[in-house]
Every structure is written in C-alpha cells, then in structure tokens.
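K.L.:
pasting a predicted model and its sequence here:
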Amino acid sequence: MLENPRSPRVRAVAKLTKRSARQETGLFLLEGPQAAREALAYRPDTLVEIFATPTALEKHTDVRNAAEEAGLEVVYTTEAVLDAMADTVTPQGIVAVARQSPTSVREVFAASPRLVAICEEVRDPGNLGTIIRAADAAGADAVILTGRTVDPYNPKVVRATTGSLFHVPVAVGVDLAAAVEKARAAGVRIIAADVGGADFLASRDLLAEPTAWLFGNEARGLDEEALALADLSLRLPIYGAAESLNLATAASVCLYETAFAQRAAG
C-alpha cells in the first residue's frame, strides 16, 4: 500500500494536474469511480495505473472487476495519498492515470463524418467538457479543438465530460483554417454559431446535410477571420428576457437540432 503522500510516485501523479507535466509525459489524470469505469469500458488500452483506497474498491466492485479483466493491477493507497494525487477535494477514493489518445483531423474527415463540433478558443474547462459530452450524446462523429482552446486533458475538462472523452474522437491543437479546408474537401458544411448570424429557424433545412458547427470564445465569440472561414453563420433566437445563452448550452442546442434533422432525413 502507498502510504507516503510525499513519495516520488505520488508526486508524479499529482503533477498531472499541471499542463506542463501532461505535455511532457503524454499522460493525464482521471478522478472518481465513474471516470475509471468509463475508461475501463471503452478505452482500457489507455490506462496506465489505477489507485484506490480499500474502502472505495469494496464499494465499487465493478471497477475492481473491470480492472482485473483488463489485466490492470489496482494499487492500494491511504486516503491521504489519494488526496495528494487528486485535483478535487473529494476524489471518491479512486484515481487513475491514462495515456492521451487524441485523433487527427485527417482521420476525422477520412471517416466521412456527418456531425462535427469545432471549438475555437473555448477557454472555460467546464464549457469544453460539456460540449464534448453534448457532442457525444448527440451522436457527433468527432470534436475538433484548435490550438487556442483549453487542454481537453485538464482535470476539470475531464470531469465535465463524465466519460465522453473516451466515447468520441477528439482532435487537439488543430489549425482552424486547416480543419475547415479538410471539412470542405469531405463535403461538410461549416456553420458558425454567432449572435450576428442569420435566423436559425430559416436555415433549419440545411442541418440535414453533413455539418461542422464552429463555436467560439465564451466572451468574444468568433473573430472576423474565423467567421470568414465559415460557409454561413446562424444565431439561436432568444424568446425570453435572457441576455444570451451560455456557450455550452447553445452548442448543445445546435448539435441536437442537427442530430434531429439528420435522423429525420434518414
């Protein structure tokens, strides 16, 4: 059992809360039984280590069984060690280390996708995690993150995806213009979500075709250069008195409306 919160092994895991350590090692941190459960179910090949308190494994026997089936040994730790490793105040007794496994833009569009989310300078970890989760739920084929978007392996992003990071391909550090070029070559229309765009309802019929939604920064939206790359811009209507929609909420609506249209078209 790992008992010393200051041991080199514990410190190495704890460092993964920092982007520099994630970039250097190619690893990232998972916290809690749900994250471990999803990784074991969908991408056990990416898991490097699993740490848990005896109490947590007694409570979450499915995680222990799945780890055994995947041939992964669970390392027992004290509560103090788990707390030292984790980014959260309450890691629920389980922490894991996994290899980053981003996809490439070339692979995304070689697969003839019908629905893609492109995030340009999305900076809030909670928003990005929710967009990835919504894309997964809407059946999107991939999520593409430009180089100015927050690291998807940030612990806060990972938590906000609630496991969807292991379900949907995610491309990282992409040049926006290059992504748009590959999308067009694959026959995918790029639609920018923008408050200055055309009426969403009037263009609803277009959503049945292969679509890549382009989402921008929470505060500034998309700059003129990014908007110019899109085939068109659309805005969601505000029927009440709200000043605007949260980015992740707006993205969820756009992705689901497109999923509805594409499924209705068959």
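P.N.:
Happy to help now that I have it.
K.L.:
ok, now how distant is the residue sitting nearest the centre point of the chain from A185?
P.N.:
Nearest to the mean C-alpha position of the chain, by C-alpha atoms, centre = their mean, lies I132 at 3.9 Å. Applying C-beta to C-beta, to the nearest Å, the value for I132 to A185 is 25 Å. Placement of C-beta: from N, CA and C, glycine included.
K.L.:
quick one: the strands in the stretch 101-250 of the chain?
P.N.:
115-119, 142-146, 170-174, 189-199, 211-215, 232-235 (DSSP state E, counting those that start in this stretch).
K.L.:
and of these, who's closest to L16?
P.N.:
L16 lies closest to strand 170-174 among the strands of the stretch 101-250 of the chain, at 16.0 Å (C-beta to C-beta).
K.L.:
so which bits of the closest one are buried?
P.N.:
Using 16 or more other C-beta atoms under 10 Å as the test for burial, strand 170-174 gives V170, A171, V172, V174.
K.L.:
what lies in contact with it?
P.N.:
Around strand 170-174, the neighbours that count as contacts under C-beta atoms under 8 Å, 6 or more residues apart in numbering are 100, 102-105, 107-108, 132, 142-147, 151-152, 179.
K.L.:
ok, now with 10 Å
P.N.:
100-109, 116-120, 128, 132, 135-136, 142-149, 151-153, 161, 164, 179, 182 (C-beta atoms under 10 Å, 6 or more residues apart in numbering).
K.L.:
skipping its backbone neighbours, what lies nearest I94 in space?
P.N.:
Excluding the flanking residues, the one nearest I94 by C-beta to C-beta, 6 or more residues apart in numbering is A52, at 4.6 Å.
K.L.:
and the one you found, its phi and psi?
P.N.:
phi -160, psi 150 (degrees, to the nearest 10).
K.L.:
that one is in contact with H60, isn't it?
P.N.:
Yes. A52 is within contact range of H60, at 8.0 Å (criterion: C-beta atoms under 10 Å).
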